[in-house]
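> Next input, structure requested:
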Amino acid sequence: MPYYRHHLFFCCNQRDPGDTCCANHDAEGMMRYARDRAKALGLALNATGGVRINKAGCLGRCDLGPVLVVYPDGVWYTYLDESDIDEILSEHILNGRPVARLMLPQA
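Residues are numbered from 1 along each chain as shown. Predicted coordinates for the structure are as follows:
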């Protein structure tokens, strides 16, 4: 069993000016929003069996971004705004139903 029930990694990579990158989509701000929202939803942040939300360097899919990945499920998402983050947290993290419309293709 994994230490955290879910671990969300937000790509916050900053590339050279003009290059596509998740940081250009306020990825860090969205990650902070996800943490605050998770707390408000009563998710056990940073606790055994709970949820951890981290910043990551380049996850290699910035051209499809901004991106985040949920482990141990291995589900990759893109998002546009806070409502997308809300949906990922409420549907996938709380209810175990991945959000198909936000999922990235497998490869």
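
> Contacts for the longest helix seen in the chain next, please.
As assigned by DSSP state H, the longest helix anywhere in the chain is helix 27-40. Contact with helix 27-40 is made by 8, 10-12, 45, 51, 53-55, 65-66, 68, 79, 82, 85-86, 88-89, 93, as judged by C-beta atoms under 8 Å, 6 or more residues apart in numbering. Placement of C-beta: from N, CA and C, glycine included.

> can you give me how far that helix is from the chain middle?
9 Å (C-alpha atoms, centre = their mean, to the nearest Å).

> beta partners of the most centrally placed residue in the chain?
In the chain, the centroid-proximal residue (C-alpha atoms, centre = their mean) is residue 68; its distance is 3.5 Å. Judged by DSSP bridges, the bridge partners of residue 68 are residue 10, residue 77.

> Assess the claim that it and residue 7 are in contact.
No - assessed by C-beta atoms under 8 Å, residue 68 is found out of contact with residue 7, at 10.6 Å.

> related to what we said a few turns ago, now do the same for the residue nearest to the centre of the chain: its pLDDT.
In this model, residue 68 is scored at 97, pLDDT.

> so what's it up against?
Shown in contact with residue 68 (C-beta under 8 Å, 6+ apart): 8-11, 31, 34, 76-77, 79, 88.
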